[in-house]
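J.: Sequence and predicted model, in that order:
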Amino acid sequence: MKRIYGFASFVLVVAASAGLFQCSSGTKGVATGATCATGSTLTYATFGQAFMDKYCLECHAGKDKPDLSTLAAIQKERAEIMSTTAAGPTGTNTNMPEDAEPTVEERTQLGEWLACGAP
(Lines give C-alpha, C1' and ligand atoms only; values in the text may rest on other atoms or scores of the structure.)
Protein backbone atom coordinates (compact mmCIF):
# COMPACT_ATOMS: atom_id res chain seq x y z
CA MET A 1 0.00 0.00 0.00
CA LYS A 2 2.84 2.35 0.78
CA ARG A 3 4.30 1.88 -2.71
CA ILE A 4 1.00 2.82 -4.37
CA TYR A 5 0.70 5.95 -2.24
CA GLY A 6 4.27 6.89 -3.12
CA PHE A 7 3.64 6.38 -6.83
CA ALA A 8 0.38 8.35 -6.72
CA SER A 9 2.16 11.21 -4.97
CA PHE A 10 4.89 11.11 -7.61
CA VAL A 11 2.31 11.28 -10.42
CA LEU A 12 0.58 14.27 -8.79
CA VAL A 13 3.86 16.13 -8.35
CA VAL A 14 4.85 15.51 -11.96
CA ALA A 15 1.43 16.53 -13.27
CA ALA A 16 1.37 19.70 -11.16
CA SER A 17 4.87 20.70 -12.22
CA ALA A 18 3.93 20.12 -15.85
CA GLY A 19 1.06 22.58 -15.44
CA LEU A 20 -1.73 20.06 -15.92
CA PHE A 21 -3.73 21.45 -12.99
CA GLN A 22 -3.86 25.13 -13.92
CA CYS A 23 -6.90 27.26 -13.34
CA SER A 24 -8.65 28.56 -16.44
CA SER A 25 -7.24 32.07 -16.15
CA GLY A 26 -3.73 30.63 -16.44
CA THR A 27 -4.47 28.59 -19.53
CA LYS A 28 -2.39 29.59 -22.52
CA GLY A 29 -4.13 29.90 -25.82
CA VAL A 30 -3.12 29.57 -29.41
CA ALA A 31 -0.60 31.76 -31.18
CA THR A 32 -2.67 34.47 -32.84
CA GLY A 33 -0.13 35.71 -35.35
CA ALA A 34 -1.21 39.25 -34.45
CA THR A 35 1.13 41.94 -35.70
CA CYS A 36 1.31 45.68 -35.42
CA ALA A 37 -0.16 47.00 -38.64
CA THR A 38 1.77 49.77 -40.35
CA GLY A 39 0.01 53.01 -39.51
CA SER A 40 -2.10 51.43 -36.76
CA THR A 41 -4.27 54.03 -35.07
CA LEU A 42 -5.14 51.85 -32.08
CA THR A 43 -4.05 53.46 -28.81
CA TYR A 44 -5.18 53.27 -25.22
CA ALA A 45 -7.32 56.36 -25.82
CA THR A 46 -8.87 55.17 -29.10
CA PHE A 47 -9.32 51.48 -28.28
CA GLY A 48 -7.66 49.94 -25.23
CA GLN A 49 -9.36 51.88 -22.46
CA ALA A 50 -12.87 51.24 -23.81
CA PHE A 51 -12.11 47.53 -24.38
CA MET A 52 -10.73 47.12 -20.86
CA ASP A 53 -13.65 49.05 -19.32
CA LYS A 54 -16.21 46.98 -21.21
CA TYR A 55 -14.71 43.51 -20.88
CA CYS A 56 -12.00 43.34 -18.21
CA LEU A 57 -12.23 45.78 -15.33
CA GLU A 58 -15.26 44.26 -13.66
CA CYS A 59 -12.90 41.50 -12.47
CA HIS A 60 -9.43 42.93 -13.08
CA ALA A 61 -9.51 46.33 -11.38
CA GLY A 62 -7.52 45.54 -8.27
CA LYS A 63 -9.88 42.75 -7.24
CA ASP A 64 -8.30 39.82 -9.04
CA LYS A 65 -4.90 39.37 -10.56
CA PRO A 66 -3.75 40.55 -12.89
CA ASP A 67 -4.85 44.09 -12.17
CA LEU A 68 -5.53 45.75 -15.53
CA SER A 69 -6.68 49.13 -14.28
CA THR A 70 -3.75 51.14 -15.65
CA LEU A 71 -1.99 51.30 -18.98
CA ALA A 72 1.31 50.33 -17.34
CA ALA A 73 -0.31 47.22 -15.82
CA ILE A 74 -1.82 46.27 -19.19
CA GLN A 75 1.54 46.68 -20.91
CA LYS A 76 3.14 44.45 -18.28
CA GLU A 77 0.50 41.73 -18.90
CA ARG A 78 0.45 41.99 -22.72
CA ALA A 79 1.56 38.40 -23.36
CA GLU A 80 -1.01 36.98 -20.93
CA ILE A 81 -3.82 39.08 -22.40
CA MET A 82 -2.78 38.03 -25.91
CA SER A 83 -2.86 34.35 -24.94
CA THR A 84 -6.26 34.49 -23.26
CA THR A 85 -8.28 37.11 -25.10
CA ALA A 86 -6.86 38.30 -28.44
CA ALA A 87 -7.21 37.15 -32.04
CA GLY A 88 -5.12 37.38 -35.17
CA PRO A 89 -4.77 35.74 -38.58
CA THR A 90 -3.72 32.35 -37.18
CA GLY A 91 -5.89 31.97 -34.09
CA THR A 92 -8.46 33.31 -31.68
CA ASN A 93 -8.25 33.05 -27.89
CA THR A 94 -11.56 33.02 -26.04
CA ASN A 95 -10.57 32.03 -22.51
CA MET A 96 -11.31 35.56 -21.30
CA PRO A 97 -13.48 37.32 -20.49
CA GLU A 98 -15.49 34.69 -18.67
CA ASP A 99 -18.79 36.57 -18.54
CA ALA A 100 -18.85 38.48 -21.85
CA GLU A 101 -18.10 37.77 -25.48
CA PRO A 102 -16.13 40.33 -27.49
CA THR A 103 -16.61 40.01 -31.23
CA VAL A 104 -13.84 38.49 -33.35
CA GLU A 105 -13.25 42.00 -34.73
CA GLU A 106 -12.75 43.38 -31.21
CA ARG A 107 -10.43 40.48 -30.34
CA THR A 108 -8.47 41.11 -33.57
CA GLN A 109 -8.14 44.80 -32.74
CA LEU A 110 -6.97 43.80 -29.24
CA GLY A 111 -4.32 41.57 -30.81
CA GLU A 112 -3.10 44.38 -33.06
CA TRP A 113 -3.06 46.89 -30.21
CA LEU A 114 -1.10 44.52 -27.96
CA ALA A 115 1.31 43.64 -30.80
CA CYS A 116 1.99 47.38 -31.19
CA GLY A 117 3.03 47.52 -27.53
CA ALA A 118 -0.36 48.75 -26.22
CA PRO A 119 0.46 52.44 -26.83
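T.: Perfect, thanks for sending it.
J.: As a check, name the ranges of all strands in the chain.
T.: Counting by DSSP state E, the chain has strands at residues 87-88, 91-92.
J.: Switch those over to TSV; also include mean pLDDT, distance to Leu114 and mean neighbour count.
T.: The C-beta positions use only the backbone N, C-alpha and C, and glycine is treated the same way. Below are the strands of the chain laid out as TSV (pLDDT from 0 to 100; distance: least, CB to CB, whole Å; neighbours: other CB atoms under 10 Å):
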stretch	mean pLDDT	distance to Leu114	mean neighbour count
strand 87-88	96	10	24
strand 91-92	95	14	16
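J.: Let's have the ones you listed in JSON lines, adding distance to Ala118.
T.: Below are the strands of the chain laid out as JSON lines (distance: least, CB to CB, whole Å):
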{"stretch": "strand 87-88", "distance to Ala118": "15"}
{"stretch": "strand 91-92", "distance to Ala118": "19"}
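J.: If you count neighbours, what's buried in stretch 46-65?
T.: Neighbour-count burial for stretch 46-65 flags 47-48, 51-52, 55-57, 60 (criterion: 16 or more other CB atoms under 10 Å).
J.: contact partners of that stretch?
T.: With contacts defined as CB atoms under 8 Å, 6 or more residues apart in numbering, stretch 46-65 is touched by 25, 42, 66-69, 71, 74, 85, 96-100, 102, 106, 109-110, 113, 118.
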